[in-house]
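Peer 1: A structural model of the following input is requested.
(one chain, ligands or ions: 1)
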Amino acid sequence: MDNKKPLSLVIFGITSNLAQKYSLHALYDMQQKGILPENIQIIGNARRPLNKEEFADFVQDSLNSRNVHHPHSIDNQVLEQLINKIDYLQGNFDDPNFYLMLKQLIKNPNIIFYLATLPDLYRNIFENLKLTGLDSSLRGWVRIMVEKPFGIDLKSAKELNKLLLNYFKEEQIFRLDHYLGKETLQNILTFRFGNNIFEPLINHKYIDHIQITAAEDYGVGMRGSYYDQVGALKDVGQNHQLQMLAFATMEAPEQFTNEAITAQRLKILTALKPLKDKIVFGQYQGYQSEPNVNPNSQTETFYAYKTFIDNNKFKDIPIYVRAGKMLKQLATEVSIVFKNPVKNLFVSHNLGFEPNILIYRIKPNEGIVLKIVTKKPGHKVELEPEYMQFCYKLDHHSHYIPDPYEKLLIDTISGDQTFFNSAEEVEAQWAFIDSLISQKPQIELYEQGSWGPKAAIELIEADGRTWLEPSMDFCKV
Ligand code: BG6
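Peer 2: Now for the predicted structure:
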């Protein structure tokens with residue numbers, strides 16, 4: 001495939017919340033680092049009528065708005081350079097004339113269509129791209145980036161896969177889950193398979209259990225109309241958290257290739273056991289009064305469940321997964337909790353039974369750390385917990401963690417699908433989630449700033465274990 005030829009990037013829905021929050025920031029970062037391909041043409045589409053100045057203001061406002069992923073300030077010169085690269089084309093995505101105008105505007109042989117729109121519009125977009133001949137390029141390639149949520153259940157995901165494959169070949173389709181593009185998640189593979197000393201411990205002989213947490217200390221904000229339709233499990237559980245689980249538990253791929261890595265992720269996703277009576281749903285108090293949320297909403301803003309992986313390596317190891325909004329702390333991590341030795345020399349001391357924990361911290365205080373006990377300096381034999389740690393250097397000058405959207409855009413440009421979902425993978429994720437909630441759990445209210453409903457605590461305590469309080473004692477910036 002020719003990746004050297006000039007490229008046109010067409011963003012459908014450039015005024016959407018998604019584009020404002022993620023895509024524009026990723027493009028800005030790329031412009032700033034000088035890694036946007038030379039001769040790239042960016043075309044932003046939306047229904048809103050905006051003239052050149054109004055569009056420039058829109059981009060500027062979007063980039064200057066508060067964003068947890070981009071805390072750094074915006075340089076006006078870089079902003080101007082980026083704005084000069086974007087053409088804004090207003091139109092209705094169901095209007096065939098709009099596609100004729102788009103065709104005239106596209107000047108490069110290689111084309112990426114990035115869909116940041118509502119999925120209901122996909123069929124119209126694909127059909128019109130085909131009618132205008134924009135679904136393929138005689139002089140280069142065409143790729144399509146499709147955002148999550150990829151359907152609302154297994155049935156709709158299968159239909160969407162079928163629809164996409166009617167118009168495009170699998171190698172043209174880039175199904176996005178931005179967690180797959182996270183540097184901190186990808187590093188799990190390097191840590192596990194690039195070092196020789198840890199992987200021999202990652203199995204049922206040494207591991208007691210695994211905990212996967214995605215806790216946010218904020219609510220739904222202005223995204224109520226989307227979130228209330230979807231709920232926590234489909235918003236982050238069907239995708240991001242299952243990928244965290246897969247990265248932490250998959251077997252070593254034969255090679256570092258798309259096929260080999262995706263196949264190993266898929267093996268985990270299809271081996272997950274849904275336990276219908278081991279799932280809890282919660283909703284934070286006050287959620288029903290959030291903007292654009294149904295005042296009688298029964299949508300979950302929290303879930304916790306227990307599962308197992310049905311394979312030899314993780315035989316009988318419980319995996320506890322939880323995620324929610326308005327919780328006590330912001331923390332996304334995977335914790336591998338190791339077994340205590342049967343014979344422990346320090347059993348009669350304080351912390352004598354403190355387990356070792358390997359933590360992959362996705363955010364904040366990003367890093368990979370091993371919780372250990374050490375001897376407290378002094379004349380007595382006393383133990384104290386410590387962390388052996390690898391931390392990212394986050395000083396925003398010489399070091400940075402690339403934004404996942406930036407990484408995934410670069411991968412799409414080079415045609416690398418390793419960190420995108422295959423059709424089978426997305427379907428395996430939905431198959432698991434659908435059976436997990438075939439009897440929808442009752443919603444239990446929880447206090448804002450807590451760790452979720454009581455039932456979630458009982459879920460793990462019934463097994464004689466407790467949820468780990470994510471530590472902020474390591475990798476402090
Ligand atoms: C998005 C969800 O996909 O992921 C949000 O829609 C969630 O609800 C977000 O907050 C979490 O992503 P990140 O990158 O902030 O960890």
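
Peer 1: what's the closest non-adjacent residue to the residue of the chain found nearest the ligand?
Peer 2: Nearest to the ligand in the chain, going by CB to the nearest ligand atom, is residue 235, at a distance of 4.7 Å. From N, CA and C alone the C-beta is placed, and that goes for glycine too. Among residues not flanking residue 235 along the chain, residue 227 sits closest, at 6.4 Å (CB to CB, 6 or more residues apart in numbering).

Peer 1: quick one, what contacts that neighbour?
Peer 2: Contacts for residue 227 (CB atoms under 8 Å, 6 or more residues apart in numbering) come out as 220, 235, 293, 299, 301.

Peer 1: okay, among those residues, which ones form the most distant pair?
Peer 2: Greatest spacing in these, by CB to CB: 235 and 293 (13.6 Å).

Peer 1: thinking again about what came up before, now flag whichever of the contacts of residue 227 is closest to residue 196.
Peer 2: Distances from residue 196 to the contacts of residue 227, taken by CB to CB, are shortest for residue 235, at 37.6 Å.

Peer 1: Just the buried positions in the strand ranked longest in the chain, please.
Peer 2: Of all segments of type strand in the chain, defined using DSSP state E, the longest is strand 272-284. Of all the residues in strand 272-284, those buried under the rule 16 or more other CB atoms under 10 Å are 272, 274, 278, 279, 280, 281, 282, 283, 284.

Peer 1: again with stretch 167-178
Peer 2: 167, 168, 172, 173, 174, 175, 176, 177, 178.

Peer 1: same deal with stretch 450-459?
Peer 2: Applying 16+ other CB under 10 Å to stretch 450-459 flags 450, 451, 452, 453, 455, 456, 457, 459 as buried.

Peer 1: At which residues are the helices of the stretch 101-250 of the chain located?
Peer 2: Here the stretch 101-250 of the chain has its helices, by DSSP state H, counting those that start in this stretch, at 122-131, 154-167, 183-194, 224-230, 232, 240-249.

Peer 1: so does the longest strand of the chain get close to the ligand?
Peer 2: No - Strand 272-284 does not reach the ligand (CB under 6 Å from any ligand atom); its nearest approach is 13.4 Å.

Peer 1: Can you spell out which helices and strands pack onto that strand?
Peer 2: For strand 272-284, the packing partners by 3 or more CB pairs under 8 Å, 6 or more residues apart in numbering; DSSP states H and E come out as strand 302-309, helix 423-436, strand 443-446, helix 454-461.

Peer 1: Next, the angle helix 240-249 makes with it.
Peer 2: On the basis of axes from the mean of the first three to the mean of the last three CA atoms, to 10 degrees, strand 272-284 is oriented at 140 degrees to helix 240-249.

Peer 1: Pairing partners for strand 272-284, with directions?
Peer 2: With DSSP bridges as the test, strand 272-284 is paired with strand 302-309 (antiparallel), strand 443-446 (parallel).

Peer 1: mind saving the C-alpha coords of that strand as CSV?
Peer 2: What follows is strand 272-284, C-alpha atoms only, in CSV (Å, rounded to 0.1, in the frame of the first residue of the first chain):
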residue,chain,number,x,y,z
LEU,A,272,-14.6,-15.0,29.5
LYS,A,273,-17.3,-16.6,31.6
PRO,A,274,-20.4,-14.4,32.2
LEU,A,275,-21.7,-15.0,35.7
LYS,A,276,-25.3,-13.6,35.6
ASP,A,277,-25.7,-13.4,39.4
LYS,A,278,-22.4,-11.8,40.0
ILE,A,279,-23.1,-8.3,38.6
VAL,A,280,-24.2,-5.2,40.4
PHE,A,281,-25.5,-1.9,38.9
GLY,A,282,-25.5,1.4,40.6
GLN,A,283,-26.5,5.0,39.9
TYR,A,284,-25.0,8.0,41.7
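
Peer 1: Could you tell me the average pLDDT over stretch 419-427, please?
Peer 2: Averaging pLDDT along stretch 419-427 yields 97.

Peer 1: go on, stretch 459-470?
Peer 2: 97.

Peer 1: Now find how far off-centre that stretch is within its chain.
Peer 2: Its chain's C-alpha centre and that of stretch 459-470 lie 25 Å apart, by CA atoms, centre = their mean, to the nearest Å.

Peer 1: returning to that earlier point: can you add pLDDT and distance to the ligand and give the buried residues of stretch 167-178 back as TSV?
Peer 2: Output for the buried residues of stretch 167-178, formatted as TSV (pLDDT from 0 to 100; distance: CB to the nearest ligand atom, whole Å):
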residue	pLDDT	distance to the ligand
167	94	25
168	95	23
172	96	23
173	97	19
174	98	16
175	97	13
176	96	10
177	96	8
178	95	6
